[in-house]
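Asker: A structural model of the following input is requested.
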Amino acid sequence: MSVRIRLTRKGTKKKPFYRIVAADIEAPRDGRFLETLGTYNPMTEPADIVLKQDRIQYWLDQGATPSTTVTSLLKKQAAAPKPAATA
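Answerer: The predicted model follows:
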């Protein structure tokens, strides 16, 4: 089974919200998936990206291939400044 890390669309018409999932490469876009790896909300300013870095790394180590959109989101998240810890 080939695994791809990709987006599944949720939300309503004209208000998209996406889950980042690990899914079989032949499964439909909004079909069954193996695991939820994060979320992406493009409607906020700036876009809200929440990732489970350890699980994404696990799937990449297992040979999963990220889609082009997920690859760009991973690059954005890596370049984004980390929020300061509040005491």
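
Asker: which residues does residue 43 contact?
Answerer: 15, 16, 17 (Cβ atoms under 8 Å, 6 or more residues apart in numbering). The C-beta positions use only the backbone N, C-alpha and C, and glycine is treated the same way.

Asker: quick one: what helix or strand has the last one in it?
Answerer: Using DSSP states H and E, the element containing residue 17 is strand 15-24.

Asker: packing partners of that strand?
Answerer: Under the contact definition 3 or more Cβ pairs under 8 Å, 6 or more residues apart in numbering; DSSP states H and E, strand 15-24 sits against strand 3-12, strand 35-41, helix 53-61.

Asker: show me what counts as buried in the helix ranked longest in the chain.
Answerer: In the chain, with assignment by DSSP state H, the single longest helix is helix 68-79. For helix 68-79, the neighbour count (16 or more other Cβ atoms under 10 Å) marks 70, 73, 74 as buried.

Asker: can you list contacts of it?
Answerer: Counting by Cβ under 8 Å, 6+ apart, helix 68-79 makes contact with 5, 6, 7, 20, 40, 49, 51, 56, 66, all of which sit outside it.

Asker: tell me how far residue 77 lies from residue 15.
Answerer: Plainly put, residue 77 is 22 Å away from residue 15 if you go by Cβ to Cβ, to the nearest Å.

Asker: repeat that for residue 65.
Answerer: For residue 65 relative to residue 15 (Cβ to Cβ), the value is 29 Å.

Asker: ok, those two, which is more surrounded?
Answerer: Ranked by neighbour count (other Cβ atoms under 10 Å), residue 65 and residue 15 place residue 65 first, with 14 against 10.

Asker: so how far is residue 56 from the more buried one?
Answerer: Going from residue 65 to residue 56 by Cβ to Cβ gives 12 Å.

Asker: part of a strand, is residue 32?
Answerer: No. Assessed with DSSP: H, G, I helix; E, B strand; the rest coil, residue 32 is coil; it does not lie in a strand.

Asker: residues contacting it?
Answerer: 23, 24 are the contacts of residue 32 under Cβ under 8 Å, 6+ apart.

Asker: the bottom helix or strand of the protein by mean pLDDT?
Answerer: Least confident helix or strand, the chain: helix 68-79 with a mean of 87, by mean pLDDT, DSSP states H and E.

Asker: I'm done for today, thanks for sticking with me.
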